[in-house]
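Enquirer: Structure, please.
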Amino acid sequence: MIASEKTSNNKDSLVLTALFESISNKKKVEISYVKINNKQEEVRLLEPIGVFHEHEYWYFMAFCYLRNDYRQFRIDRVKKIHVLTDSFDLEHKSLSHFITEKQNE
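Expert: Model (predicted):
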């Protein structure tokens with residue numbers, strides 16, 4: 001069930017607001033996302049864990065149910081975001097863990 005819904009329309013601040021709401025309340029999100037190499041929107045069910053800035057873009061790290069793994073997503077590629085009423089199912093490591101892991105690759 002959707003608790004709140006926001007449409008990006010190049011307004012990254014709306015996406016960021018929804019992500020911060022999701023993270024602070026530990027609520028899942030559903031996004032429509034466009035990958036860099038594919039212009040077709042994909043729908044993903046996620047548990048966001050943190051937001052960060054890298055290489056002039058805002059990103060967020062999340063557990064992705066489609067991939068059954070952690071993935072990072074670029075905020076400007078999110079076309080729609082829905083904060084759901086469903087609570088997180090998993091305990092997640094901190095965002096700093098994933099950033100450190102990435103730096104060590």
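Enquirer: could you dump stretch 31-43 to CSV, C-alpha only?
Expert: Extracted in CSV, the C-alpha atoms of stretch 31-43 (Å, rounded to 0.1, in the frame of the first residue of the first chain):
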residue,chain,number,x,y,z
ILE,A,31,10.6,3.4,-8.0
SER,A,32,10.4,3.7,-11.7
TYR,A,33,14.0,4.0,-12.8
VAL,A,34,15.8,4.5,-16.1
LYS,A,35,19.3,3.0,-16.4
ILE,A,36,22.0,4.8,-18.4
ASN,A,37,22.2,2.1,-21.1
ASN,A,38,18.4,1.5,-21.4
LYS,A,39,15.7,4.1,-21.9
GLN,A,40,12.9,1.8,-20.8
GLU,A,41,11.7,2.4,-17.2
GLU,A,42,12.0,-0.4,-14.8
VAL,A,43,10.0,-0.8,-11.6
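Enquirer: Would you map the strands across this protein?
Expert: 2-7, 27-33, 42-54, 57-64, 69-74, 78-87 (DSSP state E).
Enquirer: Can you redo the ones you listed as CSV, where the extra columns are mean pLDDT and mean neighbour count?
Expert: For the C-beta atoms, the positions are set from N, CA and C on the backbone; glycine is no exception. Shown next, in CSV, are these (pLDDT from 0 to 100; neighbours: other Cβ atoms under 10 Å):
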stretch, mean pLDDT, mean neighbour count
strand 2-7, 52, 14
strand 27-33, 97, 20
strand 42-54, 96, 17
strand 57-64, 96, 20
strand 69-74, 96, 15
strand 78-87, 96, 18
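Enquirer: Of those, which is nearest I99?
Expert: strand 42-54 (6.5 Å; Cβ to Cβ).
Enquirer: which strands and helices sit next to the closest one?
Expert: Counting contacts by 3 or more Cβ pairs under 8 Å, 6 or more residues apart in numbering; DSSP states H and E, strand 42-54 is packed against helix 12-25, strand 27-33, strand 57-64, strand 69-74, helix 95-103.
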